[in-house]
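K.L.:
Sequence and predicted structure, then a few things I'm wondering about:
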Amino acid sequence: IVSGMMALASGFFSILLLRVALGIAEGPAFPALTRVSADWLPTSERARALAISLSAIPLASVIGASFISSLIILLSWKLMFITLGALGLIWSTCWYFIFTDKPHQSKFVNDLEILHIQEDQPKPIKAGSLKEFLAYLQHQPKLVTAYLAYFCLGYLLSFSVSWWPGLLQQTYHLPLQQIGWLLCIPWFCATLSILAGGQLSDQIWQKTHCVVQARFNVMIICNIGSAIAFIPLIFTHSLIIAISSISFGLALGLMPIAPFYALNSDLAKE
């Protein structure tokens, strides 16, 4: 709804308020995704399943980069937002009637699948209130460190969405439609890397049953690799090197996003 309402924006402050409202409306989606993964998946499959879900973020940009720029050119930026808002409403209606909170409430899940979901579940913790959870965090430095690292990932994602189109337009003076097609490359690389990160994390978990090796180490190595990949972007004006640097940096930066979310379910399911 808020996305469609962007068509009503008439100036800077109305755009700002609507974008803030969009952020507030989107906020619950990610903790809800973590909760769903904890309730519906065994530990050994969480990172892969989360990777499939979270790969929709860059995949949407692969499709959207060219689709949205084409909509703006063919229709207008206002009708573009109305179109996206309408598509979101259609999907939300379908999801409302299909999804259930728990697996046993769904007509699509049998008893054998429920037993499989309950395999290898972590021991429950007492952290029902915010105060209890903050007390729990004092004894979980891995979670606190992961939250700080996730801030970097979130910054990279927001920075990528908002800054890169302007970079290509202002530095390389490219037309809007060409920018849309070029940005498909890094987002497609990120889609593949997220899927690979989830697969890798679950494989390590199945071999080691160690949260540090399966989740935490994947995050650290990918974050360092992402930072290194962006360095050439500072020293060159070559479009090929710029797209390559952006693609590798974004792919490595988003690769551990599924282990990030799985770690929450692993260490703090409740």
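P.N.:
Here it is on my side, so go on.

K.L.:
in this protein, which residue is closest to the centre?
P.N.:
Closest to where the C-alpha atoms of the chain average out (Cα atoms, centre = their mean) is L54, at 4.5 Å.

K.L.:
so how far is I1 from it?
P.N.:
Separation of L54 from I1 (Cβ to Cβ, to the nearest Å): 23 Å. Using the backbone N, CA and C atoms, a C-beta is placed for each residue, glycine as well.

K.L.:
ditto for N223
P.N.:
Distance from N223 to I1, by Cβ to Cβ: 35 Å.

K.L.:
what about the helices in the stretch 1-150 of the chain?
P.N.:
Assigned by DSSP state H, counting those that start in this stretch, the helices in the stretch 1-150 of the chain fall at 2-5, 12-26, 29-40, 46-54, 56-74, 77-98, 111-117, 130-137, 141-172.

K.L.:
Can you tell me which of these is nearest to S238?
P.N.:
The minimum distance between S238 and the helices of the stretch 1-150 of the chain falls on helix 141-172, with 9.7 Å, by Cβ to Cβ.

K.L.:
pLDDT below threshold where in the stretch 101-250 of the chain?
P.N.:
Residues of the stretch 101-250 of the chain that meet the criterion pLDDT under 70 lie in 120-128.

K.L.:
again, only using 90
P.N.:
Applying pLDDT under 90 to the stretch 101-250 of the chain flags residues 101-187, 206, 209-212, 216, 220, 223, 233-239, 242.

K.L.:
How about the backbone phi and psi for H173?
P.N.:
phi 50, psi 50 (degrees, to the nearest 10).

K.L.:
Could you check how far it is from A251?
P.N.:
Where A251 is concerned, H173 sits at a distance of 26 Å (Cβ to Cβ).

K.L.:
Between those two, point out the one with more neighbours.
P.N.:
A251 (25 against 7; other Cβ atoms under 10 Å).

K.L.:
Of all the residues in stretch 166-178, which ones are buried?
P.N.:
By neighbour count with 16 or more other Cβ atoms under 10 Å, stretch 166-178 contains the buried residues 168, 174.

K.L.:
likewise stretch 11-21?
P.N.:
Neighbour-count burial for stretch 11-21 flags L18 (criterion: 16+ other Cβ under 10 Å).

K.L.:
what does it contact?
P.N.:
2, 5-6, 8-9 (Cβ atoms under 8 Å, 6 or more residues apart in numbering).

K.L.:
Just the CA trace of it, in CSV.
P.N.:
Extracted C-alpha coordinates of stretch 11-21, given in CSV (Å, rounded to 0.1, in the frame of the first residue of the first chain):
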residue,chain,number,x,y,z
GLY,A,11,7.8,17.0,-3.1
PHE,A,12,10.8,16.2,-1.0
PHE,A,13,9.2,15.9,2.4
SER,A,14,6.2,13.8,1.1
ILE,A,15,8.7,11.4,-0.5
LEU,A,16,10.8,11.3,2.7
LEU,A,17,7.7,10.6,4.9
LEU,A,18,6.5,7.8,2.5
ARG,A,19,9.9,6.2,2.4
VAL,A,20,10.1,6.2,6.2
ALA,A,21,6.6,4.7,6.3
